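# Using only what follows, build the 3D model:
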Amino acid sequence: MSRVLIVGAGLTGSVCACLLRRELQNKVHIVVWDKARGSGGRMSTTRPPDHLSHSADLGAQYITATSAYAQSHQSFYSELLSSGVLQPLLAQVEGMKHKDDDRNYVTPLGMCSVVKHFLSESGADLFFEHHVTGVYRCGASWEVERKEGASETFDAVVLTMPVPQILQLQGDVGQLLSVQQRRQLDGVVYSSRFAVALFFPPDVVFSFPWAVRYVTNNSCICYIAVDDRKRNTDASGRGPSLVVHTSVPFGLEHLERDKEDVQPIILLELSKLLPDLPQPISIKCQKWRYSQVLTSVPDCPGHMIILDQPLLICGGDAFSHSNFDGCVESALSMLSVLKASLTPTGRAN
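Next up, the predicted model:
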């Protein structure tokens with residue numbers, strides 16, 4: 001049985017693990033490591049430390065399917081809709097740039113529920129707070145080191161973290177990259193932004209009617225959402241949550257500052273936009289250094305093979321595009337490579 005390590009418990013990693021399990025079943029032992037304390041990556045759902053009934057999506061907010069992807073990825077959408085993970089976005093949205101044939105979906109249990117669904121289906125051994133620091137060639141295997149704890153050996157390694165983190169790995173990755181591959185990876189550009197979640201008492205009812213508002217006349221804030229309204233869920237008994245995303249220029253300007261120093265700036269701008277906003281009982285701020293891919297790897301079919309045997313491959317939205325379907329495309333492309341590498345009939349003689 002081949003041991004496969006998938007680094008990153010975000011959308012690409014979870015879909016890849018799920019597809020690998022369904023294709024190879026008990027022929028592969030799948031392990032997923034993530035440096036965070038929970039799954040989701042940029043599709044994370046957060047809770048305040050002292051009010052466990054609250055939750056808010058600090059990363060991705062909803063899923064948009066174009067007509068082409070709604071058809072080519074129909075099995076994925078059907079699976080998530082039938083299981084109740086996805087529901088159509090029905091709430092009032094102000095300022096959305098919407099194409100008539102696009103379909104928008106929300107997650108009643110938060111965006112992380114999409115990732116958790118695929119991880120559950122994968123049957124993978126899932127480990128959090130496993131921060132990979134180095135990948136070393138060890139004969140026909142890979143020895144993978146992490147920040148704390150012993151290294152482990154795997155037959156194949158899949159890297160789904162942001163490209164700059166791949167390039168920072170110690171070991172053989174840098175030596176194995178060709179000049180062209182290095183140039184392609186160096187050219188990847190991400191946007192950066194801050195996100196703030198405000199959690200309110202159970203008796204709070206907002207006076208404005210919308211669930212989501214795109215802000216166009218503010219240099220700091222570009223997006224505001226009432227999470228329960230957006231998800232079409234009932235906040236009674238726990239109180240509503242409000243999510244604020246900053247603009248890309250603001251994120252870039254303040255990227256190297258601590259989030260604790262940036263949070264008051266965001267809250268001041270929010271008070272100008274929503275002067276009657278009640279006092280929250282808890283606030284959480286997140287800095288997304290790697291928010292969305294602005295410039296992806298050119299001429300890559302959703303992945304990049306660093307070494308064929310033993311297989312070391314990287315994928316994610318940097319090798320396609322930054323949305324749900326881009327991550328699915330990357331996972332599908334990596335699945336083909338993994339199947340060819342891990343099954344006797346798929347390997348070249």
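
# For the rest of this, base every contact and every neighbour count on C-alpha atoms.
Will do.

# helices and strands around the top helix by length along the chain, which ones?
As assigned by DSSP state H, the longest helix anywhere in the chain is helix 324-342. Secondary-structure packing of helix 324-342 (3 or more C-alpha pairs under 8 Å, 6 or more residues apart in numbering; DSSP states H and E): helix 11-24, strand 63-65, strand 303-307, strand 311-315.

# Near residue 158, how many other residues are there?
Per other C-alpha atoms under 10 Å, the neighbour tally for residue 158 reads 23.

# again, but for residue 70
Around residue 70 there are 18 other residues, counting by other C-alpha under 10 Å.

# Excluding covalently adjacent residues, which one is nearest to it?
Distances taken as C-alpha to C-alpha, 6 or more residues apart in numbering put residue 77 closest to residue 70, at 7.3 Å, once the chain neighbours are dropped.

# I'd say the one you found and residue 71 touch.
No - look at residue 77 against residue 71 with C-alpha atoms under 8 Å: they stay out of range, at 9.2 Å.

# who's more crowded, those two?
Ranked by neighbour count (other C-alpha under 10 Å), residue 77 and residue 71 place residue 77 first, with 19 against 12.

# What does that one show for phi and psi?
phi -60, psi -40 (degrees, to the nearest 10).

# And it, how far from residue 86?
Remark: distance between residue 77 and residue 86 (C-alpha to C-alpha, to the nearest Å) = 8 Å.

# which stretches of the stretch 51-200 of the chain form strands?
56-57, 63-65, 87-88, 93-94, 103-106, 125-128, 132-138, 141-146, 152-154, 156-159, 170-171, 189-190, 193-199 (DSSP state E, counting those that start in this stretch).

# Neighbouring strands - and their directions - for the fifth one?
Each strand paired with strand 103-106, and its direction, by DSSP bridges: strand 63-65 (antiparallel), strand 87-88 (antiparallel).

# Just send the ones you listed back as CSV, with distance to residue 326, mean neighbour count and mean pLDDT too.
Converted to CSV, the strands paired with strand 103-106 look like this (distance: least, C-alpha to C-alpha, whole Å; neighbours: other C-alpha atoms under 10 Å; pLDDT from 0 to 100):
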stretch, distance to residue 326, mean neighbour count, mean pLDDT
strand 63-65, 11, 19, 96
strand 87-88, 20, 18, 97
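
# and residue 292, which of those is closest to it?
Closest to residue 292 of those is strand 63-65 (C-alpha to C-alpha; 14.0 Å).

# quick one: the closest one to chain centroid distance?
14 Å (C-alpha atoms, centre = their mean, to the nearest Å).

# same thing with stretch 221-234?
Counting by C-alpha atoms, centre = their mean, stretch 221-234 is centred 19 Å from the centre of its parent chain.

# Next: stretch 27-43.
Centre-to-centre, stretch 27-43 and its host chain are 11 Å apart (C-alpha atoms, centre = their mean).

# quick one: buried residues of it?
Residues of stretch 27-43 classed as buried by neighbour count (16 or more other C-alpha atoms under 10 Å): 28-35, 38-43.

# For residue 331, find the nearest of the helices and strands packed on helix 324-342.
helix 11-24 (4.7 Å).

# following that closest one, which helix or strand comes up?
As assigned by DSSP states H and E, the chain's next helix or strand after helix 11-24 is strand 28-34.

# Now do that next one against strand 141-146, angle only.
For strand 28-34 against strand 141-146, the angle by axes from the mean of the first three to the mean of the last three C-alpha atoms, to 10 degrees is 30 degrees.

# Just the CA coordinates for strand 28-34, please, in CSV.
These are the backbone C-alpha positions of strand 28-34, laid out as CSV (Å, rounded to 0.1, in the frame of the first residue of the first chain):
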residue,chain,number,x,y,z
VAL,A,28,-3.4,3.8,-0.9
HIS,A,29,-2.8,5.2,2.6
ILE,A,30,-3.7,8.9,2.5
VAL,A,31,-2.2,11.3,5.1
VAL,A,32,-3.1,15.0,5.2
TRP,A,33,-1.0,17.5,7.1
ASP,A,34,-1.8,21.1,7.8
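
# and whatever helix or strand comes next after that strand, what does it pack onto?
Counting by DSSP H and E, the next helix or strand C-terminal to strand 28-34 is strand 45-46. Helices and strands touching strand 45-46, by 3+ C-alpha pairs under 8 Å, 6+ apart, are strand 56-57.

# Please name every helix or strand in contact with the strand it packs on.
Under the contact definition 3+ C-alpha pairs under 8 Å, 6+ apart, strand 56-57 sits against strand 45-46, strand 241-246.

# Next SSE downstream of the last one?
This means strand 241-246. helix 248-253.

# starting at the chain centroid, how far to that next one?
Relative to its chain's centre, helix 248-253 lies at 20 Å (C-alpha atoms, centre = their mean).

# any residues touching that helix, and which ones?
With C-alpha atoms under 8 Å, 6 or more residues apart in numbering as the test, helix 248-253 has contacts from 191-194, 219-220.

# Adding neighbour count, distance to residue 185 and pLDDT as columns, could you present those residues in CSV?
Formatted as CSV, the contacts of helix 248-253 follow (neighbours: other C-alpha atoms under 10 Å; distance: C-alpha to C-alpha, whole Å; pLDDT from 0 to 100):
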residue, neighbour count, distance to residue 185, pLDDT
191, 17, 15, 97
192, 23, 18, 97
193, 26, 21, 97
194, 28, 24, 98
219, 13, 30, 97
220, 23, 30, 98
